[in-house]
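**Student:** predicted model, plus sequence, below.
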Amino acid sequence: MSYLRIIWIYFRLGILSELEYRANFFVQLLESLLGLAVALGGLAVVFNHTDTLGGWLPEHLLVLVGIHIHVGGIINMVISPSMQRFMEDVRKGTLDFTIIKPADSQLLVSVQRVEIWKLVDVVLGLVVMVVGMVRLRAAIGWGETAVFLLAMFCGAAIVYSFYLILSTFSFWFVKVENILVIFQSMYQAGRWPVGIYPDWLRFTLTFLVPIAFAVTVPAEGLTGQLTPQTLWLAVGIAAMMLISSRTFWKIGIKYYSGASA
């Protein structure tokens, strides 16, 4: 309960901070709608020449686009800004103020910055998902819902752990932010199912940069295309990534020398 209280406090502070610049909401709304228009325009161009894409119907890809926007909103709302702030604190030596607080330092750096207007993407992604499922006329039961939620949780855990591991390298290296920029660029590839890419790129987007588990696997779960083997693989990788990132964090924090060192 104390962890949930800490998360809520940081979210509340993020909301209060962003409310000082309410015009940012309309800027974010315009940006999100333009991004959605580009994504839907890409689907329209592709399906103007074919009926399916790697076995995916237009409605399936609409669901996938919704998940891509939704997950991207979560990343850009909490994970990415918090990790960027963490790397900046390491570089300046101001991480001291986080470490001395009577709470888990990993939790604090993971939620310390919230860009609340990115919630627009989170909501917009949910709307697109619902529209895609309505167009599919798919009856989503408790089983499909449970599989989807489990796949989403695993995808979020994998992406968070991936971000944390990369950010923890800032204890030894200076310009780690450039790696995160590369991840953001590659995340755009998740707008399409990874199965349509060449084998080498599919491997990269699945195991090296875990975009497949963040977007394609949840989409397969919601549309009934996910196999039990892939789901259990996602669960196993999520558990391994969480343990690995936690262990790597504990190692990295020992090498931190801040302003008080």
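**Tutor:** Yes, it's here. Residues are numbered from 1 along each chain as shown.
**Student:** quick check: next helix or strand after the one helix or strand Leu64 maps to?
**Tutor:** Element membership for Leu64, per DSSP states H and E: helix 58-74. Using DSSP H and E, the helix or strand that follows helix 58-74 in sequence is helix 80-92.
**Student:** show me what contacts the residue most central in space within the chain?
**Tutor:** Nearest residue to the geometric centre of the chain (C-alpha atoms, centre = their mean): Ile75, 3.9 Å. Ile75 makes contacts with 159, 163, 187, as judged by C-beta atoms under 8 Å, 6 or more residues apart in numbering. For every residue, glycine as well, the C-beta is placed using N, CA and C.
**Student:** just to revisit the earlier point, the helix holding Leu64: how far from the chain's middle?
**Tutor:** 12 Å (C-alpha atoms, centre = their mean, to the nearest Å).
**Student:** any idea how far the closest residue to Arg135 other than its chain neighbours lies from Thr227?
**Tutor:** Counting by C-beta to C-beta, 6 or more residues apart in numbering, Arg135 lies nearest to Glu59, which is 4.5 Å off, once chain neighbours are set aside. Look at Glu59 and Thr227: by C-beta to C-beta, to the nearest Å, they are 20 Å apart.
**Student:** same check on Gly93?
**Tutor:** For Gly93, the distance to Thr227 equals 49 Å [C-beta to C-beta].
**Student:** mind checking which of the two has more residues around it?
**Tutor:** Just comparing Gly93 and Thr227: by other C-beta atoms under 10 Å the higher neighbour count belongs to Gly93, 14 against 10.
**Student:** give me the phi and psi angles of the more buried one.
**Tutor:** phi 80, psi 10 (degrees, to the nearest 10).
**Student:** swap in Val209?
**Tutor:** phi -120, psi 100.
**Student:** how about residues contacting stretch 6-19?
**Tutor:** 24, 103, 107-108, 111-117.
**Student:** next structured bit after the lowest-mean-pLDDT helix or strand in the chain?
**Tutor:** When the helices and strands of the chain are compared on mean pLDDT, DSSP states H and E, helix 177-187 comes out lowest with a mean of 78. Counting by DSSP H and E, the next helix or strand C-terminal to helix 177-187 is helix 199-203.
**Student:** per-residue confidence at Gly258?
**Tutor:** For Gly258, the pLDDT comes out at 63.
**Student:** what's the answer for Ser161, then?
**Tutor:** At Ser161, the model reports a pLDDT of 93.
**Student:** roughly how far apart are it and Asp89?
**Tutor:** Ser161 is 20 Å from Asp89, by C-beta to C-beta.
**Student:** the two: which is more packed in?
**Tutor:** With neighbours defined as other C-beta under 10 Å, Ser161 and Asp89 compare such that Ser161 has more, 23 against 20.
**Student:** the more buried one against Ala239, yeah?
**Tutor:** No - between Ser161 and Ala239 there is no contact under C-beta atoms under 8 Å: 9.8 Å.
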